[in-house]
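**Q** Build me a model:
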Amino acid sequence: MSFELRELNNDISIHRNELSVKDFHQKKLVELSSELDTPYAATKMTQWSFDGIRLMHSNWLYKGNPQLVWKTDFEMVHLQFNLKGCIAIEPASGHKALEFGENQHNMIYTSNATGIIRNAGATATQFIMQLDKDVFLQLTNNANENLQRFAEKIMKGEAVSMGDNLPIDFKLQQVIDAILNCTYENSMKQLYYFSKAIEILVLQAEAFNNAAGRSRSVIKTAYDKERIMYAREYLNEHVDNPPNLAALAKLAGLNEYKLKYGFKELFNITAFGFVAEKRLELAKSYLLDEQKTVGETANLLGYSSIQHFSAAFKKKYGISPNKVR
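**A** Now for the predicted structure:
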């Protein structure tokens, strides 16, 4: 069993991986890092595999606009999280092509699959979670209706996706970030990754379930979505001094109503709930990694007082900032 990558108009193999399936089923965590440099793209990839679960993170730097053919001969459930750049996956079997824009995700099942990957842009960053078919069916037994329908397709051997791509909301992004920044080692690392894999599966299923039940959408056009994503990035870069809603709406080129409710629709959190969460994540990092004082941290992140910062921190993490170290 293998995974192979070729250039569309060239019969020469660019990359072939025979180890991935073997490592996929190891009882102990297997961590691999690799770099691939071809005439078409340079890639850095890290993967973690154990008990029929594989987590992967890759950064691609494309050389031109190649069309790459991929082929795999093993069954798996594939959870795709496109973090940066755009990529299209076109199943050769004639199923609808999946065009992944920045910050989009989906769940796909493939068996002995071949397809074409087309990039749009010079770079791409992806996080991927893959599950062995039997492991997926075991984990999703008695799951919600969407996952049950997905599982039924798998048991029939049909290629399937969960639906139209969805934006990666704040909760999913937090779990992905936690995986990529894990500091545990050995068996604790494996246990941590297993818990996060389950969390990703639950959150993705919940996202598709919520999308299916949504009767009205504030976001009407691709422009609306792009401007709301811009607003999130702006907030991410100005966590210490965020604009008010009116100013943010003006910066994004949207009215306040569309920004307020569109942000919640797209990311499952309010704009300033997002700011509050990012501030506290940074605060924990400052206290643990940079050894800043509580007062310095509160001041850097724009809190009105140490008391306000301490109360927010304790509410989220269950301990006061003074006790973090």
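
**Q** give me the element the nearest residue to residue 234 once chain neighbours are set aside is part of.
**A** Distance criterion CB to CB, 6 or more residues apart in numbering; nearest residue to residue 234, sequence neighbours excluded, is residue 251 at 6.1 Å. (Each C-beta comes from the backbone N, C-alpha and C, glycine too.) Taking DSSP states H and E as the definition, residue 251 sits inside helix 245-252.

**Q** domains for this protein, by residue range?
**A** As assigned by automatic domain parsing, the chain contains the domains 3-212, 222-323.

**Q** Longest strand in this protein, please.
**A** The longest strand of the chain (DSSP state E) is strand 114-132.

**Q** ok now that strand, how far from the chain's centre?
**A** Relative to its parent chain, strand 114-132 has a centroid offset of 12 Å by CA atoms, centre = their mean, to the nearest Å.

**Q** And for stretch 270-277?
**A** Computed by CA atoms, centre = their mean, the chain-centroid distance of stretch 270-277 equals 19 Å.

**Q** can I get the CA coordinates of it in CSV?
**A** C-alpha atoms of stretch 270-277 as CSV (Å, rounded to 0.1, in the frame of the first residue of the first chain):
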residue,chain,number,x,y,z
THR,A,270,-18.3,36.9,18.3
ALA,A,271,-15.7,39.3,17.1
PHE,A,272,-14.8,40.4,20.6
GLY,A,273,-15.2,37.0,22.1
PHE,A,274,-12.4,36.1,19.6
VAL,A,275,-10.3,39.0,20.9
ALA,A,276,-10.8,37.9,24.5
GLU,A,277,-9.8,34.3,23.8
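
**Q** buried residues in that stretch?
**A** Using 16 or more other CB atoms under 10 Å as the test for burial, stretch 270-277 gives 271, 274-275, 277.

**Q** confidence score at residue 118?
**A** The model reports residue 118 with a pLDDT of 72.

**Q** cool, residue 51 as well?
**A** For residue 51, pLDDT reads 91.

**Q** how many neighbours does the spatially closest residue to it that is not a sequence neighbour have?
**A** In space, and not counting its chain neighbours, residue 51 is closest to residue 27: 6.5 Å by CB to CB, 6+ apart. Using other CB atoms under 10 Å, residue 27 is surrounded by 8 other residues.

**Q** from what I can see, residue 27 looks like it's in a helix, true?
**A** No - Residue 27 is assigned coil when assessed by DSSP: H, G, I helix; E, B strand; the rest coil, not a helix.
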